[in-house]
Structures are given as C-alpha cells and as structure tokens.
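Student: based on what follows, work out the 3D shape:
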Amino acid sequence: MLVKYRTLPSITAQNFLDDIVGILDGSITSTAGLSAGADTTNSAFSGTYPTSQLTKVAAGTYTFSKIHSVDTNYTHYFRLAFSGTTVTTFTVAQGYTSGTDTLLNSVAHTVNVSPSAYQSHDQFPAAINIVMNSKCVYFSSLTSGIGFGLFDIGANGITNTYTSNMLMAFVKPTANTFNIPYAYVLNGGLSGYTSLSGNITNLELPKLVSNANDQGVIVENPVFLSHASQGHQSCGVYGLFKLGRGVIASDVYYNTSGVTRLTSFDYAVPADG
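Tutor: The predicted structure follows:
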C-alpha cells in the first residue's frame, strides 16, 4: 500500500502521531480515517494494507513487528519515536521482549521526518509518502530530504550457516547506506554477532526485460548489501531497485495490466571520468 500523507497548517502533534501510527497498524486505510490535521483532499491511499505482515506489538511504545516475506520464520521489529510533528528516530531490532517492552539487538537511526503543511501557493504540496508491503516499510519525504525504511534481505552462505542473523536491514537510499543490527562477522577479534553498516551496491549492468508485447524495456537494477567482515558475500534487497548513474528517458510509454511505464536507458560514467 502507498500512502501519500499531506497535512494542514493546523495539524497538532497528536494529530500527526495518530495518523502515522494508524497508517502503520492498519487502522487507517483511507483518507476518511485521517485526523482533522490531515489534508484529505491532497492525501491518497493506493493498494492494500499488508495485514499478515505488520502488527503493532506494544501499547506503551510505537513498536511494530514485521514478518519476512519469504522466510516467514523470521520476525523483526522497528520502533518510532516522536517529538511534536516529527518522527525523530527509527529503531530497528532483531527481537523483542513483550513483558518488558524491550528491543533486542537494536540500533536507533536519526531520521527527523516531518510534514510540510500545505500552503495555498504550493502547486504540489509534499509531506510524507509511506510504502508498506510484504517486503518493506519505507518512508520518503522530499521536504525532509530523506528516504529510509526496513527492507527484507535474502540469505547467503553466512546467514545460512549462522541462522541467528537478522534478515532485514535499515536502508537509506538517500545516503546510499544500510545497517543490519545483528549479523555474523568473520574477522578475528570481531568474530561473532554485531551491527554491520556499509554502502548499498548494484549490478554493473542493469538487466533489461522486454514487456509482453516487446513494445518497451523495463530496467531491473537490483540492490545488494555486502560487507567485508562477511567475506563480501552479498544479500539481495527484496523489492528495491537502483537507478542508473545517468539515465536518459525517451518519450515512449506503454501500458501493461493498467501500469504505465516509461522506457529509458542508462549510460555508465567510467570511474576515471
């Protein structure tokens, strides 16, 4: 489900909190459920809420569980912290203890995402977009200059051998970075489970896939996470693709099953210029 969440100048901290939590826990699935501080005219809900994937697990804190889209034995957690009309931190955790409301093996990330209240002179009011599906929970805000989320990742030789590895990652495409709070590392004194951080990567050459009628080309450029302390073994990131460094788009459009796409091609700039 994609939620385009827009706000009015009159929004309060409680309005904002209620809207964000309601969108995430599935209690708000249309503009009719938004608070009085939301700009329902310019907000929109598309798609279906992933009911079997996300659950709010704590009454006292804004903590949510997420089930992995492929390896359904894996459930990981994220928690939001608010200050006024701002989501200040997005904490990702491998596990959770309900009795004490405690996150296990967690890392908090400063995000500072907040709405930009609609003004009459704004032709395109922008605030927060939220994507929720079986593979991710993702926030994007042009006005806050940030995109971030919790994404499912695939297993590799390390994560198959050391099965306590977290199979989700905090990914921040706007900074080209990732963090996995609990993963096995091979390096001597560091050998054991620890937090991994690094840069996201992609294939050197994007995969070009023709549509059913060969009327256009879809560029598939999947994102991978890799870290030296795991022997450079890569994990694929489910549902996340990366644009080329230099993309030229033509004016050719085509439509398949109600989805309109624009054809494009990528030219790679050599590392030496």
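Student: can you tell me the SS state at Ile20?
Tutor: helix (DSSP: H, G, I helix; E, B strand; the rest coil).
Student: what does Ile23 give?
Tutor: At Ile23 the chain is in helix, as set by three-state DSSP.
Student: pretty sure it contacts Tyr5?
Tutor: Yes. Between Ile23 and Tyr5 there is a contact under Cβ atoms under 8 Å: 6.9 Å. For the C-beta atoms, the positions are set from N, CA and C on the backbone; glycine is no exception.
Student: these two: which has the busier surroundings?
Tutor: Per other Cβ atoms under 10 Å, whichever of Ile23 and Tyr5 has more neighbours is Tyr5, with 24 against 21.
Student: which residues does that one bridge with?
Tutor: Tyr5 has these beta-bridge partners by DSSP bridges: Ile128.
Student: quick one: contacts for Val113?
Tutor: Thr86, Val87, Ile128, Phe139, Ser141, Ser144, Ile146, Phe148 (Cβ atoms under 8 Å, 6 or more residues apart in numbering).
Student: correction: the previous question concerned Ser226.
Tutor: By Cβ under 8 Å, 6+ apart, Ser226 lies in contact with Gly198, Thr201, His232, Gln233, Ser234, Cys235.
Student: now, of those residues, which are buried?
Tutor: Buried members of the contacts of Ser226, counted by 16 or more other Cβ atoms under 10 Å: Gly198, Gln233, Cys235.
Student: list the contacts for the second one?
Tutor: Shown in contact with Gln233 (Cβ under 8 Å, 6+ apart): Asn156, Gly157, Ile158, Ser226.
Student: what do you get for the last one?
Tutor: With contacts taken as Cβ under 8 Å, 6+ apart, Cys235 has the following neighbours: Ile153, Gly154, Ala155, Asn156, Thr159, Ala169, Phe224, Leu225, Ser226.
Student: hmm, 10 Å instead?
Tutor: Residues near Cys235 by Cβ atoms under 10 Å, 6 or more residues apart in numbering: 152-156, 158-159, 165, 167, 169, 178, 180, 183, 223-227.
Student: return a PyMOL selection command for the buried portion of these.
Tutor: Under the burial definition 16+ other Cβ under 10 Å, those of these that qualify are selected in PyMOL by:
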select buried, resi 152+153+154+155+156+158+159+165+167+169+178+180+183+223+224+225+226+227
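Student: ok, back up a step: which among the buried ones among the contacts of Ser226 gets closest to Ser65?
Tutor: Using Cβ to Cβ, Cys235 is the member of these that lies nearest Ser65, at 20.7 Å.
Student: you'd agree Ser116 is up against Asn42?
Tutor: No. Under the criterion of Cβ atoms under 10 Å, Ser116 makes no contact with Asn42, lying 11.5 Å away.
Student: between the contacts of Val113, which sits nearest Gln94?
Tutor: The shortest gap between Gln94 and any of the contacts of Val113 belongs to Phe148, at 18.1 Å (Cβ to Cβ).
Student: ok, back up a step: in helices, which of the contacts of Ser226 fall?
Tutor: Applying DSSP state H to those, no entry is found in helices.
Student: and these, which is closest to Leu54?
Tutor: Closest to Leu54, out of all of the contacts of Ser226 and judged by Cβ to Cβ, is Cys235, at 21.5 Å.
Student: next one: the nearest residue to that closest one once chain neighbours are set aside from Thr163, what distance?
Tutor: With Cβ to Cβ, 6 or more residues apart in numbering as the criterion, Cys235 has its nearest non-adjacent residue at 4.2 Å, and that residue is Ile153. Using Cβ to Cβ, to the nearest Å, Ile153 is found at 14 Å from Thr163.
Student: next one: Asn179
Tutor: From Asn179 to Thr163 the distance is 20 Å (Cβ to Cβ).
Student: more crowded one of the two?
Tutor: Asn179 (18 against 12).
Student: quickly list what that one is bridged to.
Tutor: Per DSSP bridges, the residues bridged to Asn179 are Phe170, Ser197.
Student: contacts only, for it.
Tutor: Asn179 makes contact with 92, 107, 109, 166, 169-172, 195-198, 225 under the criterion Cβ under 10 Å, 6+ apart.
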